[in-house]
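J.: Dropping a prediction and its sequence here:
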Amino acid sequence: MRAIFTSLALVTLSSSVLSLPSERRDDGSTLTEIQALNFALSLEHFQYYFYQRLYQYGSQDFSNAGLPPWTPGRYAQISSHELTHAQFLENILGDKAVQPCTYNFPDTDPRSFVKTSNIVEAIASSAYTSLTKYISNPDYAIAISSIHSVEARHSAWINADVRLGAAWSTAFDAPLSVSQLYTMMSTFIASCPSSNSPPPVKIFPVLTFPANVVPGQTVQVSFSSATPEHGSQRLYAWFISGFEALVIPLHDDMTVTIPNTLQGFVFSVITNSREAVSDDATVAGPAFLLFDYDYQGNDQSLPM
């Protein structure tokens, strides 16, 4: 592992590492190419059915929420993209293709719709970054790469044009393990068809941060895992942004100080190891955090 810098004054034990993801957090996954393509299809179903919720809101609802009048039209285009992606993957997979699940999305108005879309696209960008290593067919690899670039544009548009924040986070997208990605997706999934082959993943306990946290703030986190094997272990909070990961001890009262250097999309994972954020070490999470910044790189406290 190539350590670029290893000091952080917030706590006595911390590190910051910029390295290849496999050097830092190899998840040990062994997806076949078909499983990887089906994971991508599951993701596209997930996105398409979320964007169908757009049509429960009218254009005036978006205007009343203070959003640009062209917002619904752009979201409709994104919805069309996700349907096209799903159909494309279904054509590749044929009778092996998984079917859509039943979803439970939390949006109740245009503002919460925008907030959820931000999370959905963050998951998508990370997922396509991670899935490329399972694709051996060069034509499929090009297709996955092409979809990824469009998903990244969706994310940039949501952040820059709708939320008036930063269009990107760091020089890299953050690759998570497929188990960590599916854990985030599963919070929005009510049930899946019995005909679908279960994805070869673990689902970790949900990790929750208080609302509207900011870098430098000390916060108390929570997660549903109260299993005995974690009761006496030292736990660590990882903050993953691009290829950079900061790891900080979690205090006994479940508080942690958020590093004040974080910007953009950040995924936080609780582990029982300060050396790796692998599936074997993961206790809870990931949680999605967003720390906006302006064109000069200064913190910009915007609601999601």
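T.: It's in. Numbers count the residues shown, from 1 in each chain.
J.: show me the contacts for residue 156.
T.: Shown in contact with residue 156 (C-beta atoms under 8 Å, 6 or more residues apart in numbering): 167, 168. (Each C-beta comes from the backbone N, C-alpha and C, glycine too.)
J.: Okay, and it sits in which element?
T.: Per DSSP states H and E, residue 156 falls inside helix 138-157.
J.: Extract the C-alpha set from that helix and format it as CSV.
T.: C-alpha atoms of helix 138-157 as CSV (Å, rounded to 0.1, in the frame of the first residue of the first chain):
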residue,chain,number,x,y,z
PRO,A,138,-14.4,-6.5,-24.2
ASP,A,139,-17.7,-5.5,-25.8
TYR,A,140,-19.5,-5.8,-22.5
ALA,A,141,-16.7,-3.8,-20.8
ILE,A,142,-17.2,-1.0,-23.3
ALA,A,143,-20.9,-1.0,-22.7
ILE,A,144,-20.5,-0.9,-18.9
SER,A,145,-18.0,2.0,-19.3
SER,A,146,-20.4,3.9,-21.6
ILE,A,147,-23.3,3.5,-19.1
HIS,A,148,-21.0,4.6,-16.3
SER,A,149,-20.1,7.8,-18.1
VAL,A,150,-23.8,8.7,-18.5
GLU,A,151,-24.6,7.9,-14.9
ALA,A,152,-21.8,10.3,-13.9
ARG,A,153,-23.3,13.0,-16.0
HIS,A,154,-26.7,12.4,-14.4
SER,A,155,-25.0,12.8,-11.0
ALA,A,156,-23.1,16.0,-12.1
TRP,A,157,-26.3,17.6,-13.4
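J.: same question for that helix, mean pLDDT?
T.: Averaged across helix 138-157, the pLDDT comes to 94.
J.: Mind listing what's buried along that helix?
T.: 140, 141, 143, 144, 147, 148, 150, 151, 152, 154, 155, 157 (16 or more other C-beta atoms under 10 Å).
J.: among these, which two are most distant?
T.: 140 and 157 (26.2 Å; C-beta to C-beta).
J.: For residue 255, which residues count as its bridge partners?
T.: Beta-bridge partners for residue 255, by DSSP bridges, are residue 220.
J.: Now do the contacts for it.
T.: 218, 219, 220, 221.
J.: Please repeat the previous calculation with a cut-off of 7 Å.
T.: Residues near residue 255 by C-beta atoms under 7 Å, 6 or more residues apart in numbering: 218, 219, 220.
J.: closest to residue 87 among the residues you listed?
T.: Distances from residue 87 to the contacts of residue 255, taken by C-beta to C-beta, are shortest for residue 219, at 42.2 Å.
J.: Burial check on the closest one, number of neighbours?
T.: 14 (other C-beta atoms under 10 Å).
J.: so what pLDDT did it get?
T.: 94.
J.: what's the answer for residue 300, then?
T.: 64.
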